[in-house]
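Asks: here is a sequence with its predicted model. Questions after.
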Amino acid sequence: MRDPRIVLGHHSEEKVQLAQQARREPTPTEEKLWNHLRAGRFESMHFRRQQIIAGFIVDFYCHASKLIIEVDGAIHEYQTEYDAERTTILNAYGLHVLRVAASEVEGDIKGVLSKIRQTALANTSQRAQSIIEEPHEY
């Protein structure tokens, strides 16, 4: 179920408007993390925010490492089943979902960035290894 065009395609106008609104009006916690991730500031990695993937709007997405970062605020305490199902679907596309608590971003941004770095590097090395191991037709 892997799709190299995961972020491309047609999305409902409603979903596009919701993503645009979320970019215009981020939570303070999302804004804090975005200030570290934006414009390739973090490890020269390109992140998008409020990206529509497989019909879901994800907080942050790095295509190179197939990494989704979700900042979980208080509402996520009440939607654990939905979040788990969503993660399963995104994982099926070969994407890794890293969930960080809003309180972590607020209280330990360096720790969160370290976790993102480790996860992105692990994803990138796993992808490189799978490319090496895949049989090639010549």
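Replies: It's in.
Asks: give me the neighbour count for Lys115.
Replies: The criterion is other Cβ atoms under 10 Å. On that basis, Lys115 has 15 neighbouring residues. To be clear about C-beta, it is placed using only N, CA and C from the backbone, and glycine gets the same treatment.
Asks: that one against His96, yeah?
Replies: No: the pair Lys115 / His96 is not scored as a contact, 12.0 Å apart, by Cβ atoms under 8 Å.
Asks: let me know the secondary structure of Glu70.
Replies: Following DSSP: H, G, I helix; E, B strand; the rest coil, we place Glu70 in the strand state.
Asks: name whatever forms a beta bridge with it.
Replies: Each beta-bridge partner of Glu70 is listed here, defined by DSSP bridges: Arg99.
Asks: that one contacts Ala102, correct?
Replies: No: under the criterion of Cβ under 8 Å, Glu70 lies out of contact with Ala102, with a separation of 10.3 Å.
Asks: check contacts around Leu67.
Replies: Contacts of Leu67 were listed using Cβ atoms under 8 Å, 6 or more residues apart in numbering, and they are Tyr61, Leu95, His96, Leu98, Ile116, Thr119, Ala120, Asn123.
Asks: give me the element the fifth one is part of.
Replies: So the one you mean is Ile116. Assigned by DSSP states H and E, Ile116 belongs to helix 109-133.
Asks: mean confidence score for that helix?
Replies: Helix 109-133 shows a mean pLDDT of 77 in the predicted model.
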